[in-house]
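# quick check, what structure comes out for this input:
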Amino acid sequence: MAYTTIKKPSDYFNTVLYTGDGTSPRSITGVGFQPDFLWIKDRSTAYEHRLMDAVRGSNKVLHSSATTAESSEEYYTVSSFDSDGWTGRSGTGTNQVITGGNDNGDNFVAWNWLASNTTASNTDGDETSTISVNTTSGFSIVSWTSSDTTGATIGHGLGVAPKVVIFKNRSGIHDWVVYHSSIGATKALYLSGSSGSVTSTGFFQDTAPTNTTFRVGSNNNTRGALNDNMIAYCFAEVKGFSKFGSYIGNGSADGTFIYTGFKPAFAIFKNIDAAEAWNLFDNKRIGHNGSSTSGNFHLNPNSTAVENVNTGDYIDFLSNGIKIRTATNSMNVAQNYIYMAFAEEPLVGDNPATAR
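So this is what the prediction gives:
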């Protein structure tokens, strides 16, 4: 397989840091493209993770750290996705100073993905879906309304089978469900929780995604009750840009090496054998490659917690992968783990990654 034609990964995924100033509305720039999927976390205060996308509508928010239904909160949603970032939605009254997205003096991180900046109808599956898809970077946002109470296929538009699909029932209190190809279609993980993998035919009817569709079963987290509104974020692996796999921990601070084929910009990890938190890292914040003497600064998608500061960095981002630098249960004991990673620089090409 040839390496991706993506010469600049930050044209498709990018992390932006900013400090809140308490104004409303406020435009954030520096993304480098118009994001279709925006994930924000207040690093200083224990507010929920805030996930917004252009398919559902910029003013609708979900929280990876909660099972709550979608809402149109004034506390922090987006009034528009702009050519180089986004504009925070104006609040009213006591919500004029936006909570969780622009609090004065708080530090924020925002992870941004590009889809197509447009939407289209997809009829490949049993349910008609609305999608925004980028086949170059292997990412699609898929929305549909459930009309089947037992299960259905849904079109994703990628043209190749996604290796990761993250589901949320927008209409009620339901867990976030993660399909990951490394654990197969009989099991799932809860992004909104810490449990290990859960086995159930109700998630995906024991059927892996195809080049055109993914399947949902009878579980309300992935299928939804009649007329429930659903969302799924689908990721296909693109060589030199994204990698979704697994590893076995070795229980040592001289930890497992994960080959990705690129210098990572972003990575999420989960112990699939035990009840441990998800860990999320990026290349813009300190806390990797020995960048902080006070410890690592990972965030937990399933928790409102601020940046965790523990002794020693958990990981190194290298030119060709990730080196685990901890023996913690959540990252590197003799158990099984899955990960998602996106590139800062490809290992080969016009702008190859440099060694650490």
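
# make it CA atoms for all contacts and neighbour counts henceforth
OK.

# from residue 46, how far off is the closest residue to residue 154 other than its chain neighbours?
Nearest residue to residue 154 in three dimensions, chain neighbours excluded: residue 125, at 4.4 Å (Cα to Cα, 6 or more residues apart in numbering). Between residue 125 and residue 46 the distance is 40 Å, computed by Cα to Cα, to the nearest Å.

# same check, this time on residue 163
Taking Cα to Cα, one finds residue 163 at 31 Å from residue 46.

# so residue 232 is in which element?
Element membership for residue 232 (DSSP states H and E) is strand 229-235.

# elements contacting that strand?
strand 139-145, strand 164-169 (3 or more Cα pairs under 8 Å, 6 or more residues apart in numbering; DSSP states H and E).

# adding mean neighbour count, mean pLDDT and distance to residue 73, write the ones you listed out as CSV.
Converted to CSV, the helices and strands packed on strand 229-235 look like this (neighbours: other Cα atoms under 10 Å; pLDDT from 0 to 100; distance: least, Cα to Cα, whole Å):
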stretch, mean neighbour count, mean pLDDT, distance to residue 73
strand 139-145, 26, 98, 20
strand 164-169, 25, 98, 17
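
# could the ones you listed be laid out in TSV, adding distance to residue 231?
As requested, those are arranged in TSV below (distance: least, Cα to Cα, whole Å):
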stretch	distance to residue 231
strand 139-145	5
strand 164-169	5
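
# my guess is residue 299 meets residue 285, correct?
No. Counting by Cα atoms under 8 Å, residue 299 sits too far from residue 285 to count as a contact (10.5 Å).

# so which of those two has more stuff around it?
residue 299 (23 against 17; other Cα atoms under 10 Å).

# what residues are up against the more buried one?
279, 280, 281, 305, 306, 307, 308 (Cα atoms under 8 Å, 6 or more residues apart in numbering).

# at 7 Å what do you get?
279, 280, 281, 306, 307, 308 (Cα atoms under 7 Å, 6 or more residues apart in numbering).

# quick one, which of those residues are buried?
Among the contacts of residue 299, those classed as buried by 16 or more other Cα atoms under 10 Å are 279, 280, 281, 306, 307.

# okay, who's weakest in these by pLDDT?
Lowest pLDDT within these is found at residue 307 (86).

# ramachandran coordinates for that residue?
phi -50, psi 130 (degrees, to the nearest 10).

# pretty sure it sits against residue 297.
Yes. Using Cα atoms under 7 Å, residue 307 is in contact with residue 297, at 5.1 Å.

# where in the stretch 151-300 of the chain is pLDDT low?
Scanning the stretch 151-300 of the chain for pLDDT under 70 picks out the ranges 286-296.

# what about the strands in it?
Applying DSSP state E, counting those that start in this stretch to the stretch 151-300 of the chain gives strands spanning 152-155, 164-169, 177-180, 187-190, 198-199, 213-216, 229-235, 242-248, 257-259, 262-271, 279-282.

# can I get those in TSV including distance to residue 67?
Listed next are the strands of the stretch 151-300 of the chain as TSV, based on distance: least, Cα to Cα, whole Å:
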stretch	distance to residue 67
strand 152-155	22
strand 164-169	9
strand 177-180	10
strand 187-190	10
strand 198-199	17
strand 213-216	19
strand 229-235	13
strand 242-248	24
strand 257-259	31
strand 262-271	18
strand 279-282	18
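
# out of these, which gets nearest to residue 333?
strand 242-248 (7.9 Å; Cα to Cα).

# sheet-wise, list the partners of that closest one with their directions.
Strands that pair with strand 242-248, judged by DSSP bridges, come out as strand 336-346 (antiparallel).
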